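# Here's my sequence, what's the structure:
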Amino acid sequence: MDQVVTLQRKGIEISIITAKEHGINPYGDVVITTEKTLQEHPDLVKNFMAAVIESSQWAIEHSSDAVASLVKSAPELKADNESLVWQETIPFLIAEGGAGSIGRMRSDRWADTMNQLVEFKALDKPVDINAAFRNVATGSAP
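Reported below is the predicted structural model:
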């Protein structure tokens, strides 16, 4: 979203067209690992995902502190700009169910994405969605 904010701050009028407006609703932020890592280091994966979720939720709930920490770590960034970028990014992270939904995926949403990929020939044939992802951090199946 930084490009959008940058253009808007320069007074450039833009039209934002989202994929979701046109029936395409893939997950944007996903964490990927291998089956081997899942099998050999399940606690590592679960703890990593718990940290991703907790830190994302904290940053949403404490936006000013999160931006201040970012700018402190990367002084070339400007707090006012990063604050706007973060506020524009949050809706994409919490698109379904608020901050509590971060880290949880739904099989029907993955199935829709898969069907579109098959339709547009990005995938040769359908795949078993339930074998393609796991809600590791929540301890639940797809």
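# so what's the residue nearest the centre of the chain up against?
In the chain, the residue lying closest to the centroid (Cα atoms, centre = their mean) is Asp29, at 2.6 Å. Shown in contact with Asp29 (Cβ atoms under 8 Å, 6 or more residues apart in numbering): Phe92, Leu93. Quick note: C-beta positions are derived from backbone N, CA and C, even for glycine.
# Secondary structure element holding it?
Per DSSP states H and E: Asp29 is located in neither a helix nor a strand.
# can you check Thr89 too?
helix 79-93.
# which residues of this protein score low on pLDDT?
The chain contains residues with pLDDT under 70 at 1, 95-100, 137-142.
# Tell me which other helices or strands the lengthiest helix in it touches.
With secondary structure taken from DSSP state H, the chain has its longest helix at helix 42-61. Judged by 3 or more Cβ pairs under 8 Å, 6 or more residues apart in numbering; DSSP states H and E, helix 42-61 is in contact with helix 35-40, helix 79-93.
# of those helices, which approaches Ile16 most closely?
Closest approach to Ile16 among the helices and strands packed on helix 42-61 (Cβ to Cβ): helix 79-93, 9.5 Å.
# Skip the chain neighbours and tell me the closest residue to Ile14.
Nearest non-adjacent residue to Ile14, counting by Cβ to Cβ, 6 or more residues apart in numbering: Leu7, 5.4 Å away.
# how much space between that neighbour and Glu21?
Leu7 sits 19 Å away from Glu21, going by Cβ to Cβ, to the nearest Å.
# just Gly28 next, same as before
Between Gly28 and Glu21 the computed distance is 14 Å (Cβ to Cβ).
# quick revisit: which of the helices and strands packed on helix 42-61 is buried the deepest?
Highest mean neighbour count of these: helix 79-93, a mean of 16 (counted as mean count of other Cβ atoms under 10 Å).
# list the helices and strands that one packs on?
Helix 79-93 sits against helix 2-9, helix 42-61, helix 63-73, with contacts defined as 3+ Cβ pairs under 8 Å, 6+ apart.
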